[in-house]
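only geometry, no sequence info:
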C-alpha cells in the first residue's frame, strides 16, 4: 500500500456529530436524538484505539460513520488524510473493514466459506480466479482455519470458526484499519481468548490498526495503546490506555472499571454508588450528562457542561472534579 | 449446615436427534441450601440451562429426563403430577431468564403480571397482591413503584425490566430462585446493580439462589458454592474459595487462564486458550469428556473417571 506523502493519521474525526429525527408518536412532533455529539479522535497507522462505553453511548454509530455506512450530521472524517466523502466505496473498502459482534448474523448462510472470504476480491476485481483462490486459502490459514473449511457453509462451523471467517473476510483486502465492534461479546470465554490472541497476532504480522469497540474494559486493555470512554454521545475521557483503563479519572470510566468482575473469590461484589436512572437520549440532562448518576456530582455539574480538557500529558478528561 | 432447598442426584437429560440420542446432561448432582448461592458455570452447550429447566419441569418437548432423586424442600419432584408442578412453579420455585422479555407479556401491565402468580397460588386477594407488588418493586430499586404498576414492559429499560422480573419471581417467596444468565444481556454497570440486588434478596429471604452463568468473574464474587459443568457433567464442585484458589480440574484451570484482568494481565500478552472443540454428545460417551482437549490426558482417561475430593471440594479427574 502506498504511503501518503504527509504523515496524516490513518483516521481522524473532527467534531463528529450524528443526530436522528425520531417520531415520538403518530401525531407528535419529530424530536432530535443525538447519538454522537462532537467527537474528535485519531488513530495512527498500526495503532490500536480502544473505545469503551455502554449501550446507547454512540460507539456503534461512530463505527458506522467511520465505515462510511452513515454520514455524520456535522464534523469531518478523514481517512488517510482525505475526507471520507471524497473516497469511493471500493477504495474505502481497501482502507477500512469491519468485524461485527455476531458471527451468526454477519455471514451469508447460503455461501461457502471460500466464497464469503473471497467476495471482497471479486467485488474489487483483484487477481485472476486462481490468484483469488490462493489469497483465500492463505487468509484461511492465517486466521487458523483448515483448508477443508473453504467448502463448508456457516451453519457447519462453530461460533469461534465463524468469527475467524469474519476476520478473514475483513482482512482479505489488506485494509489499514479494522473497526472491531464488540468482536468477542457473543463468544464463550475460552473462545474469546482465542479470538483476542488472533487479533493481537494479526496486528503484529500485518501492521493493522484497530478501532476496538467494547463495553468490556478488561478486553480492551489487552489490545489498546490508547483508549477513549464514551457516555451519551461524548468522549468523557481519553488517553494512554493503561492509565485510562486502570487508573481512570472520570467517575464514569471509574464505574466501568469497578464493574469489571475479576475472578477473585476473596473479593465480594464491588460496591458502586451509581444511580440507575438512565437519561432519556431525547432529553439529555443539562450540564454534564453523567451528573444524574454520578456519586460525586456537585451543583455546578448540573448547570455547566465540563469541557474535555487536558489534565496531564496526553490525557483528556471531561469532568469538573478532575485534577 | 442449613436446610437443603433443592437436591439433584444423577440427573440426565437426553434429546432425540436425527443422528441419535444426544446426552445433553449426564448424571448431574447438585445441592442448593437455603441462604446459599450456588453458581453453575460453564460454556455454551454444557447443559447448565437444561439442568435448571429440568428442575422446573420446563424441558423442551421430546427431551427425556431421568434422575435418582430430585427434591424441592423435601418434596419429590420426580413423582409430582403436572398440576402439582404447576402449583410449585412460581410459588416454591421460580425462575428468571437472560432476556426479561421472555418472562414478560408485552400486552399486560406490570401490575397485572406481578399479581397473576400471587392470585393464582391463592396467596391473597387482589388488594394484598398489589400492595406486595408495589413493595417488591420498591425493594428492587424501582423509583415511583406505585406509578409503575400501570405501565407496560416496553416503557421500561432493559435493567428495569430485569428488576421487574426479579420482583415478580419473588411474589410468593420461593424456596429456590433459579436464575439463568440473568445479567448477560445487560451493561456492566447495570449488571453489577442486579447482582447486588440478587445477593441481598437471597440473604433477606433466606432462599437458595441457583445462578447459571458463563462468567467466572460473577461466580467468584457472588457464589457460596460453585459447580463447573463441561459436556453435560459437573467436573468440579465445592466451596467457591476452594475452587478458585486451588482449581483441580484441568478444564476449570484452563477457563481461568482465558480471562483478561486489567492491572493483572499485562497488555499484549497472549491469553490462555483451550484448544479443540467440545465433544460430540450423541451416542455412547465414555470416560472423561475433556480428555480430547486436556494437556494431561492419558490412556486411563478413557475409562470411567473417579470423583476425588478434599475437605472443601470435589473434582472428576484422575490427577
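Right, received. Where do you want to start? Computed from a predicted structure; not experimentally measured. Residues are numbered from 1 along each chain as shown, chains lettered A, B, ... in the order given.

grab the nearest non-local neighbour of residue A:268.
Distance criterion C-beta to C-beta, 6 or more residues apart in numbering or on different chains; nearest residue to residue A:268, sequence neighbours excluded, is residue B:221 at 5.9 Å. All C-beta atoms are positioned from the backbone trio N, CA, C, and that covers glycine.

if we look at the worst-scoring helix or strand of chain A on mean pLDDT, which residues are touching it?
Within chain A, no helix or strand scores below strand A:309-312, which has a mean of 87 by mean pLDDT, DSSP states H and E. Identification of contacts with strand A:309-312 by C-beta atoms under 8 Å, 6 or more residues apart in numbering or on different chains yields A:249, A:316, A:317, A:318, A:322, A:323.

which of those has the most neighbours?
residue A:317 (27 neighbours; other C-beta atoms under 10 Å in any protein chain shown).

dihedrals phi and psi, it?
Main-chain torsions, residue A:317, degrees, to the nearest 10: phi -140, psi 140.

that one contacts residue A:234, doesn't it?
No. Counting by C-beta atoms under 8 Å, residue A:317 stays clear of residue A:234, with 11.9 Å between them.

shared neighbours, the two?
residue A:308.

in chain B, where's the longest helix?
Counting by DSSP state H, the longest helix found in chain B is helix B:188-204.

who does it touch, helix- and strand-wise?
helix A:251-258, helix B:158-169, strand B:176-180, strand B:208-213, helix B:216-222 (3 or more C-beta pairs under 8 Å, 6 or more residues apart in numbering or on different chains; DSSP states H and E).

how about those in a markdown table, adding mean neighbour count?
What follows is these, written out as a markdown table (neighbours: other C-beta atoms under 10 Å in any protein chain shown):
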| stretch | mean neighbour count |
| --- | --- |
| helix A:251-258 | 24 |
| helix B:158-169 | 24 |
| strand B:176-180 | 25 |
| strand B:208-213 | 26 |
| helix B:216-222 | 24 |
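
will you turn the ones you listed into a markdown table that also has mean pLDDT and distance to residue B:293?
Shown next, in a markdown table, are the helices and strands packed on helix B:188-204 (pLDDT from 0 to 100; distance: least, C-beta to C-beta, whole Å):
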| stretch | mean pLDDT | distance to residue B:293 |
| --- | --- | --- |
| helix A:251-258 | 93 | 33 |
| helix B:158-169 | 90 | 34 |
| strand B:176-180 | 96 | 25 |
| strand B:208-213 | 97 | 21 |
| helix B:216-222 | 96 | 18 |
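
can you pull out the helices in chain B?
Secondary structure of chain B (DSSP H): helices located at B:48-56, B:82-88, B:110-120, B:126-139, B:145-148, B:158-169, B:188-204, B:216-222, B:240-245, B:250-257.

format these as CSV; extra columns: distance to residue B:19.
Shown next, in CSV, are the helices of chain B (distance: least, C-beta to C-beta, whole Å):
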stretch, distance to residue B:19
helix B:48-56, 18
helix B:82-88, 30
helix B:110-120, 39
helix B:126-139, 46
helix B:145-148, 48
helix B:158-169, 36
helix B:188-204, 37
helix B:216-222, 32
helix B:240-245, 34
helix B:250-257, 25
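
tell me the pLDDT at the residue of the stretch 1-150 of chain B found nearest chain A?
Here the stretch 1-150 of chain B gets closest to chain A at one residue, residue B:43, 4.0 Å apart by C-beta to the nearest C-beta. We have a pLDDT of 89 for residue B:43.

list the contacts of it.
Neighbouring residues of residue B:43 by C-beta under 8 Å, 6+ apart: A:188, A:189, A:190, A:191, B:214, B:230, B:255, B:278.

pipe these into TSV and attach distance to residue A:206, neighbour count and pLDDT per row.
Output for these, formatted as TSV (distance: C-beta to C-beta, whole Å; neighbours: other C-beta atoms under 10 Å in any protein chain shown; pLDDT from 0 to 100):
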residue	distance to residue A:206	neighbour count	pLDDT
A:188	26	22	86
A:189	26	24	88
A:190	25	24	88
A:191	22	23	87
B:214	31	19	93
B:230	35	29	96
B:255	30	25	94
B:278	30	20	83
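
grab the nearest non-local neighbour of the residue in chain A that chain B sits nearest to.
Relative to chain B, the nearest point of chain A is residue A:261 (3.3 Å; C-beta to the nearest C-beta). Counting by C-beta to C-beta, 6+ apart, residue A:261 lies nearest to residue B:217, which is 3.3 Å off, once chain neighbours are set aside.

the one you found contacts residue A:267, doesn't it?
No. At 10.0 Å, residue B:217 does not count as touching residue A:267 under the criterion of C-beta under 8 Å.

how about the strands of the stretch 1-150 of chain A, start to end?
A:11-23, A:30-43, A:48-52, A:74-79, A:82-83, A:96-99 (DSSP state E, counting those that start in this stretch).
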